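S.K.: Have a look; sequence and predicted model below, questions after that.
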Amino acid sequence: MFAARFVVVAAVIVTFAFAAPVPAASTLSSRWSTSGNSYPTVFLHGLAGWGEAKPLLGLINYWGGPTENILTTLRAQGYTVAAPHMGPLSSNWERACEAFAQITGAVTDYGLARSTAFGHARFGENYTGTALVPGFMSTTSSKINLVGHSMGGPTQRMLTHLLTYGSQAEMNACTAAKVECSPLFWTNKTTSYVNAVFAISGVHQGSVVADLIQANGEFEDLFLEFILLLIGANEFDGIHLYDMQLGHWGLTQGANETFTAFLERILKSDWINKKSNALFDLSAASLTDPLLSFVMNSNATTYFSSAGLTTEYLLGFGVPEVTTFAFLIPFAGIIGGYSNSSLAVLSTYTQKDWRMNDGLVAIASSRGPQSGYNSFSVAMKSTSTSALIASAPNTAPSKGIYNYVGAIDNTDHISIVGLFDLVSGLRTNYFLNIMTVLSAVSA
């Protein structure tokens with residue numbers, strides 16, 4: 001699939017200001033009787049993903065694929081956007097810490113209490129002097145919006161929680177040790193520094209694929225298969241494919257170590273058995289674990305969610321559509337017929353809700369966390385701003401709860417962000433519509 005040569009898309013990180021114009025959102029603001037906002041928007045990638053600065057193999061943008069950098073397209077429309085790189089296999093806590101460090105331009109601080117509990121280094125990569133959003137948190141009005149895909153959904157919820165409530169456990173640990181605590185963990189915040197979030201195919205209530213893989217011990221083989229799909233035909237195995245962000249665990253790629261060998265070493269290390277990785281966080285069975293269940297929505301933040309849909313519901317089963325990306329077809333089928341009476345979360349909605357899916361995540365999980373959601377239908381595939389506005393409800397979305405705008409039909413978990421699109425512009429309207437919705441929310 002990647003044998004053909006693509007035009008190299010350069011990743012650009014620009015200097016951001018909080019006074020950017022608000023393109024095309026004023027009419028939607030009028031419909032909702034809101035003031036709108038011009039906050040920078042930070043994009044958070046999902047499992048096995050990467051940030052904007054280093055496209056995969058130097059060619060493939062996470063947001064747009066080999067033919068388009070969606071972030072560049074959004075900047076051309078006047079939006080201020082950024083996309084940090086977070087651990088592709090790391091926990092939501094670690095990923096939130098990594099995103100915060102890059103947004104603010106600081107040393108990554110995973111927390112004294114957390115690092116002590118799991119036996120890894122407290123500090124990670126140093127981003128001092130390279131803030132993606134200069135001035136963030138300098139005042140109570142210097143906020144951001146967040147867009148997250150896949151695991152980026154629960155990561156943005158974790159980040160929003162910490163940027164609203166902080167962490168008392170971390171503050172207690174720092175006080176006892178008489179050391180400084182990261183502002184991310186401060187508990188004396190008087191506002192949420194996240195104005196609005198938009199989750200794309202978010203894994204808010206886990207994915208039964210993760211549970212099945214965990215039960216059968218197949219994570220190593222499946223993840224290696226996916227990586228080899230990317231590098232096998234291109235003979236790129238000799239390079240550092242992307243940063244795994246596991247240096248705080250003592251796991252870094254050797255100078256002469258192939259990426260496949262490095263990945264195999266990671267997946268066979270004791271790290272895989274810890275409750276601090278993506279496999280644990282994405283499991284539906286882990287939702288009630290205190291490491292995850294403490295996360296709350298912020299009453300000062302407006303949440304949106306959207307799902308992909310690549311199955312048809314036939315005779316009680318979610319059957320993959322023929323257009324589903326080949327790698328996802330088996331998973332779409334597994335979710336489409338999955339039953340497990342020991343997973344209480346599967347009884348929260350109808351069987352159809354848990355069997356209709358995008359190839360990795362069920363509709364029920366994408367709509368929002370266990371705290372619930374509101375139906376807030378918006379035609380996100382609209383090809384014009386006027387059509388988007390006409391489709392939106394007349395009242396503003398509620399804060400503190402996920403407003404589910406609906407599913408994107410005939411769209412799987414990978415294609416919804418254009419990861420393998422060979423034609424430029426296929427996702428442009430969708431992402432422009434996301435930005436219009438986020439910009440219409442009151443500051």
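M.R.: Sure thing, it's come through. Numbering: from 1, shown residues only.
S.K.: list the buried ones in the strand or helix carrying residue 72?
M.R.: In the assignment (DSSP states H and E), residue 72 maps to helix 70-76. Of the residues in helix 70-76, 70-75 count as buried by neighbour count, 16 or more other CB atoms under 10 Å. Yep, even glycine has a C-beta here, placed from its N, CA and C like the rest.
S.K.: And the next helix or strand past the worst-scoring helix or strand of the chain on mean pLDDT?
M.R.: Least confident helix or strand of the chain, by mean pLDDT, DSSP states H and E, is helix 219-231 with a mean of 59. Counting by DSSP H and E, the next helix or strand C-terminal to helix 219-231 is helix 259-267.
S.K.: Which parts of the stretch 301-443 of the chain are strands?
M.R.: Per DSSP state E, counting those that start in this stretch, the stretch 301-443 of the chain carries strands over the ranges 302-309, 311-314, 317-320, 373-375, 402-409.
S.K.: quick one on the thing from earlier: packing partners of the helix or strand just after the helix holding residue 72?
M.R.: Sequence-wise, the next helix or strand downstream of helix 70-76 (DSSP H and E) is strand 81-82. In terms of contacts (3 or more CB pairs under 8 Å, 6 or more residues apart in numbering; DSSP states H and E), strand 81-82 is packed against strand 41-44, helix 70-76.
S.K.: and the shortest one, what does it pack onto?
M.R.: Contact here means 3+ CB pairs under 8 Å, 6+ apart; on that basis strand 41-44 packs against strand 81-82, helix 92-104, strand 144-149, helix 152-165.
S.K.: Quick one: end-to-end length of stretch 129-146, please.
M.R.: When the termini of stretch 129-146 are compared using CA to CA, to the nearest Å, they are 22 Å apart.
S.K.: Give me the buried positions along that stretch.
M.R.: For stretch 129-146, the buried set under the neighbour-count rule, 16+ other CB under 10 Å, comprises 131-134, 136-137, 143-146.
S.K.: Hmm, residue 97 is touching residue 185, no?
M.R.: No - with contacts counted by CB atoms under 8 Å, residue 97 stays clear of residue 185, the gap being 9.2 Å.
S.K.: Any chance you could list residues touching both of these two?
M.R.: 109, 111 (CB atoms under 8 Å, 6 or more residues apart in numbering).
S.K.: Which one of the two is surrounded by more residues?
M.R.: Neighbours were counted for residue 97 and for residue 185 using other CB atoms under 10 Å; residue 97 has more, 28 against 23.
S.K.: Can you point out the buried residues in stretch 273-282?
M.R.: 274, 276-282.
S.K.: With stretch 332-346 instead?
M.R.: Taking 16+ other CB under 10 Å as the basis for neighbour counts, the residues of stretch 332-346 that come out buried are 332-336, 338, 343, 345-346.
S.K.: Can you list which of those residues are found in helices?
M.R.: If you go by DSSP state H, the buried residues of stretch 332-346 have 332-336 in helices.
S.K.: Nice, that's everything, thank you.
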